[in-house]
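Q: here is my input, please return the structure:
(2 chains)
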Protein chains: 2
Amino acid sequence: MSVKSYIESNQDRFLEELFSLIRIPSISAKQEHKADMLACAQRWTEVLLLSGADKAVVMPTTGNPIVYAEKIISPTAPTVLVYAHYDVMPAEPLELWKSNPFEPEIRDGRIWARGADDDKGQGMIQVKGFETALQEGLLNCNVKFIFEGEEEIGSPSLEAFCQEHKELLKSDIILVSDTSMVSAEVPSLTTGLRGLAYWELEVTGPNRDLHSGHFGGAVANPINVLCKIIADITDADGRITIPGFYDDVEELSQEERDMIAQVPFDETKYKQAIDVNALFGEKGYSTLERNSCRPSFDVCGIWGGYIEEGSKTVLPSKAYAKVSCRLVPHQQHEKISKLFEDYINKVAPDYVKVKVTPKHGGEGYVCPIDMPAYRAAEKAVGIAFGKKPLAVRRGGSIPIISTFEQVLGVKTVLMGFGLEQNAIHSPNESCRLDYFLKGIESVAEFYREYTKK
Amino acid sequence: MSVKSYIESNQDRFLEELFSLIRIPSISAKQEHKADMLACAQRWTEVLLLSGADKAVVMPTTGNPIVYAEKIISPTAPTVLVYAHYDVMPAEPLELWKSNPFEPEIRDGRIWARGADDDKGQGMIQVKGFETALQEGLLNCNVKFIFEGEEEIGSPSLEAFCQEHKELLKSDIILVSDTSMVSAEVPSLTTGLRGLAYWELEVTGPNRDLHSGHFGGAVANPINVLCKIIADITDADGRITIPGFYDDVEELSQEERDMIAQVPFDETKYKQAIDVNALFGEKGYSTLERNSCRPSFDVCGIWGGYIEEGSKTVLPSKAYAKVSCRLVPHQQHEKISKLFEDYINKVAPDYVKVKVTPKHGGEGYVCPIDMPAYRAAEKAVGIAFGKKPLAVRRGGSIPIISTFEQVLGVKTVLMGFGLEQNAIHSPNESCRLDYFLKGIESVAEFYREYTKK
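A: Residues are numbered from 1 along each chain as shown, chains lettered A, B, ... in the order given. Below you'll find the predicted structure:
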């Protein structure tokens, strides 16, 4: 049987196995889902064994457990380590979903659910690509799987796990499906990622909510102050004003800029898709440069004062924000985090108290396109999608990719099958059914190419 | 029996009647309390009849009903119109209350409950002062009562009600207990109030929440933009930057500034009470000038993006804020509202959509201190509190006071018995029991003084 026909005849089962994982709401950001994390990890071990792994276990960490599985062909064969994550983002705002985020539905040729793409769908592509290669006699290497349950909250336990299990995780290349392609027409492989630094800000004014009539004008309002602090972090040119922030940012070479300019990009369609009249970002760079190779500063959440129905005239006690910077390769998130903290503490006025709490962070990553594993992935995707994939740098962060490099000394090939329209992290996340199947085919073909004699 | 002893022998009943009103959570800002509004209005009619009114009725408006009651002595006698409001502020954040906000408790010589002061407690002071004067044979004028249920949401129905019932509300002076005294040691009467303008801002960026990695740096973040807009509304000197905003603000005369400087004020204690290290406000004015005679700009609430537990890396679709300006006499809230809207629409960048929704507003007010009714109030408070009250301008707003002047052509005496420590609009609102009783005494003495032959 060919790769394509094996996939075709088993696709209903593949989907059922995926759906069984999606139905477990493994939201790592919320404590109330602790039991779901374990249930989801256990379900993955079952799926991995069904798919051909010799062994699949749930291993404890200080946080959510890690799923480890393996298929060992020969001690002398090369080893591929497949990483994925079984946790998902919160699904809020729930009222915007057209169907239950944790009850997958197939409509219009797509799978609709939280995790349909990120990363249960893409994790399943890896597992079923492995199964297909195994069943079709194409697997001439060892395969190890490591699926974590804390990617969406910054992988706090993964680095220690890698340190502790270096021998177990020993491998020649890491394969990850957790990124997106340029568009439905332009298959691509991700060769660079941005880093991330994330903080919570808490501004405290008076010790209780005050009447804005009796105190307004006399006492600093913590929301006004927080807005000022946030506003000052970027200037009118969209540049970040924190001293030293750009010190380690490598300027883009003309060659790289030319490569980015080749990526098909229709600004009008891009704006239409998200319904904005204009784009905004750092002056002097194109949109694709800005969202992949340049740092950015975003407020991810803000709250304070009276936010319910009606008008309350209050001068509130507290204001909060969750803020983050996307970083580029060479910027170290811990150094940036320190610069940010110092800056905030310096600009915080004496009439409020400002607390900065660093949250998760990670470094950026660059993948060399002349590695054999990259070439194998390029060829495999070319076969499945009928077109040679472009090598592109992307704006997202998978901090653990640089952790793998530092701790395990292994490079990663980012073989992702997402699309922007899949709306990961948003309401109505989805995954194209044909991409799901072509992804599986790509992974099976990768194994053929990678171990070709 | 004397005024004092009448109050003493009836105080338990007075409190029971007050508590019966407090137990009805008449929160006008929330639709779910519609039935409570009517129940509270009806309870007031019972209390007013028990207190000696000839007639007390619930009258419909387009919003919450209005309680009207009267005691007519003689068609030729002067008429006092007493205004109060039976609605209260929301009680959130509920977890900060030491006892149930709608189950009054007496502890440490205070009544603790939402509305203990604002304005059920103070409304009851008026009603029981009236009862005392009546029972003690001191009432030589007609008294009318108008208690509304929408003061905390800007009295949207009151002006039309006054227009429609000018004859019914005909009076010589309006008496209101809804303000505070300078301090427990310094009795005072309020002779000026600030106006108010209130808006909701809605900033829309992309049509859905986006992944901050894929879009951050390329697409404007509506929270970042909202913060910038808010930050720019005031400058480093605490002045409001909206063009034309100060056009109608009367500069304080040296005489007035001297009078304000006489009000006892301990900045250290003031800062300690609200636990701030420093104060902030418009440069060039003292704290007491800033919170009573100068305009201010406060964000009352802000929200947008991911505000739950954990860290979500999202570039949100929307950001919102509730913002308000306190205005001073001569500034017209409708004119200011228009200036604000024009300003926001002018500064709104093309990469987001900004919507400004004006909410309630009202003008400031000044009370002449040579009116007979003011003199009567001054004398009455002096008797009850043992000290002549200071005449002071305050920072709060009771927009309907200027409406009364414009529609009914009647001035108001603001005879308030609150204290800053009562924490109105905040968790753990309270009212000193002795002030409650001295307030009742003051009102009874007012009737004696006002109609003295």
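
Q: doesn't A:T191 make contact with A:A391?
A: Yes - at 4.5 Å, A:A391 counts as touching A:T191 under the criterion of CB atoms under 8 Å. All C-beta spots, glycine's among them, are computed from the backbone N, C-alpha and C.

Q: which SS class is whichever residue of the stretch 351-453 of chain A sits closest to chain B?
A: Residue nearest to chain B within the stretch 351-453 of chain A (CB to the nearest CB): A:G396, separated by 3.1 Å. Reduced to three states with DSSP: H, G, I helix; E, B strand; the rest coil, the structure at A:G396 is coil.

Q: got the contact list for A:I440?
A: By CB atoms under 8 Å, 6 or more residues apart in numbering or on different chains, the contact set of A:I440 is A:I7, A:F14, A:I125, A:K128, A:G129, A:T132.

Q: how about the helices in chain A?
A: Secondary structure of chain A, counting by DSSP state H: helices at A:3-22, A:34-50, A:120-135, A:158-164, A:212-215, A:222-233, A:254-262, A:267-274, A:287-290, A:333-347, A:372-385, A:399-408, A:433-450.

Q: before we move on, back to that, excluding sequence neighbours, find me the nearest residue to the residue of the stretch 351-453 of chain A closest to chain B.
A: The shortest distance from A:G396 to any non-neighbouring residue, by CB to CB, 6 or more residues apart in numbering or on different chains, is to B:G213 (3.1 Å).

Q: didn't that neighbour look like it was pressed against A:G195?
A: No - B:G213 sits out of contact with A:G195 when judged by CB under 8 Å, with a separation of 9.9 Å.

Q: which neighbours do these two share?
A: Joint contacts of B:G213 and A:G195 (CB under 8 Å, 6+ apart) are A:R326, A:S397.

Q: which outside residues touch the helix or strand of chain A with the lowest mean pLDDT?
A: Ranked by mean pLDDT, DSSP states H and E, the weakest helix or strand in chain A is helix A:254-262, scoring a mean of 84. The contact list for helix A:254-262 (CB under 8 Å, 6+ apart) reads A:L252, A:S286, A:L288, A:E289, A:S292, A:C293, A:L390, A:A391, A:V392, A:R393.

Q: filter those to keep only those in contact with chain B.
A: For chain B, the contacts drawn from these by CB under 8 Å from any CB of the partner chain are A:L288.

Q: top of the contacts of helix A:254-262 by neighbour count?
A: With neighbours defined as other CB atoms under 10 Å in any protein chain shown, the most crowded of these is A:S292; it has 27 neighbours.

Q: ok, that residue - contacts?
A: For A:S292, the contact set (CB under 8 Å, 6+ apart) comprises A:G192, A:R194, A:I260, A:V392, A:R393, A:R394, A:G395.

Q: measure A:M259 to A:I369 for me?
A: To A:I369, A:M259 is 11 Å away according to CB to CB, to the nearest Å.

Q: what sits in contact with each of those two?
A: In contact with both A:M259 and A:I369: A:A391, using CB under 8 Å, 6+ apart.

Q: which one of these two is surrounded by more residues?
A: Taking neighbours as other CB under 10 Å, A:M259 and A:I369 compare with A:M259 leading, 16 against 13.

Q: and the closest residue to A:Q331 other than its chain neighbours, how many neighbours does it have?
A: Distance criterion CB to CB, 6+ apart; nearest residue to A:Q331, sequence neighbours excluded, is A:D248 at 4.9 Å. Look at A:D248: counted by other CB under 10 Å, it has 14 neighbours.

Q: doesn't A:Q332 make contact with A:D248?
A: Yes - between A:D248 and A:Q332 there is a contact under CB under 8 Å: 7.0 Å.

Q: what does the pLDDT read for A:D235?
A: pLDDT, A:D235: 97.

Q: wait, isn't it in contact with A:T241?
A: Yes - counting by CB under 8 Å, A:T241 is a contact partner of A:D235 at 5.5 Å.
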